[in-house]
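# Fold the following, please.
(one chain, ligands or ions: 1)
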Amino acid sequence: MSYNNILSKTSDGIRTITINRPSKLNALNKETIQELHDAFLEAEFDLNTKVIIVTGSGDKAFVAGADISEFADFNEKEGGQLSAQGQKLLFDFVENLSTPVIAAINGFALGGGLELAMACHFRIASDTAKMGLPEVSLGVIPGYGGTQRLPQLVGKGLAMEMIMTAGMIDANKALSHGLVNHVLPEQELLGFCEKIANRIKRNSSVAISAAIKAVNANYKSGINGYHVEIDQFGNCFGTDDFIEGTTAFLEKRKAEFPGK
Ligand code: COA
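Now for the predicted structure:
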């Protein structure tokens, strides 16, 4: 599939999706959101893609937010639709993928950019990264899940402060509050993400997908995460990966998992 605003390539089981609008600091316009949806969907169904890394093009930004020029003249109804449509197509969609998604934050991750990174399963940042939800400076609030996911990751107090001040935090502050898992010099960021992806790749994709469902269940209202865990745990026992994983252990050899 070819795209106007993103690049997508797979190498050795790792799909790297790069948002590629550097002249607009990779801001998410409607077309980019649709293309990201299509690219993530394609990766999800590609049996050879075991891990996805998402990053931004250029050396300045991961994503500097939703494209402000596209919604500046919206009314209430259009604003609500923008948020609902974006959450469905991209942000909730990414969070609920069965394939692990790592955000490689290589610069500004603001507004929708930080929201995209937070929808990923975990985040790794360059030491040049700056993160924030500046929406209230534009007279709106975060609309792509930011008011929900930021407090989940950093706690309510810091989330409130970041949202109310519209300020940015640097990579080390993000690290100390659990917003990102690691901070690397910029030139080492993608290599490090690939190293982690390679470690993930060795394990059972089927079990990882079950783990994602169980962990995510903790954050869904009206769902008992412990019950989801019991169901997913039980389901694993009916899989070829379980037979291979346990047999390999007992035979004192490395497990060879077939794929997704
Ligand atoms: N939407 C649309 N265009 C954006 C954008 C966004 N969220 N963020 C940056 N751009 C565009 C700028 O308009 C500019 O385009 P132009 O050259 O055609 O004028 C280009 O990207 C470069 O941005 P610029 O502001 O010149 O870079 P900077 O280094 O001076 O500042 C930022 C960088 C990130 C501080 C600044 O671009 C910014 O504040 N962006 C908006 C962040 C935001 O509010 N995001 C939340 C949106 S809901």
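# So for the chain, the centremost residue is which one?
By C-alpha atoms, centre = their mean, the mean C-alpha position of the chain lies nearest to residue 120, the distance being 1.5 Å.
# Look up phi and psi at it.
Backbone geometry at residue 120, expressed as degrees, to the nearest 10, gives phi -70, psi 160.
# which residues touch it?
Taking C-beta atoms under 8 Å, 6 or more residues apart in numbering as the criterion, residue 120 is in contact with 54, 94-95, 101-103. Backbone N, C-alpha and C define where each C-beta goes, glycine included.
# In three-state terms, label residue 178 for me.
Classification of residue 178 by DSSP: H, G, I helix; E, B strand; the rest coil places it in coil.
# about what we covered before: from the contacts of residue 120, which ones fall inside helices?
If you go by DSSP state H, the contacts of residue 120 have 94-95 in helices.
# any idea which of the contacts of residue 120 is the one closest to the ligand?
Nearest to the ligand among the contacts of residue 120, counting by C-beta to the nearest ligand atom, is residue 103 at 16.4 Å.
# OK, contacts around that closest one?
Applying C-beta under 8 Å, 6+ apart, the residues contacting residue 103 are 53-55, 62, 109, 116-117, 120, 122-124.
# got a markdown table for those residues, with pLDDT and distance to residue 81 too?
As requested, the contacts of residue 103 are arranged in a markdown table below (pLDDT from 0 to 100; distance: C-beta to C-beta, whole Å):
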| residue | pLDDT | distance to residue 81 |
| --- | --- | --- |
| 53 | 98 | 30 |
| 54 | 98 | 24 |
| 55 | 98 | 28 |
| 62 | 98 | 25 |
| 109 | 99 | 24 |
| 116 | 99 | 19 |
| 117 | 99 | 24 |
| 120 | 99 | 24 |
| 122 | 99 | 30 |
| 123 | 99 | 28 |
| 124 | 99 | 33 |
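# Thank you, goodbye.
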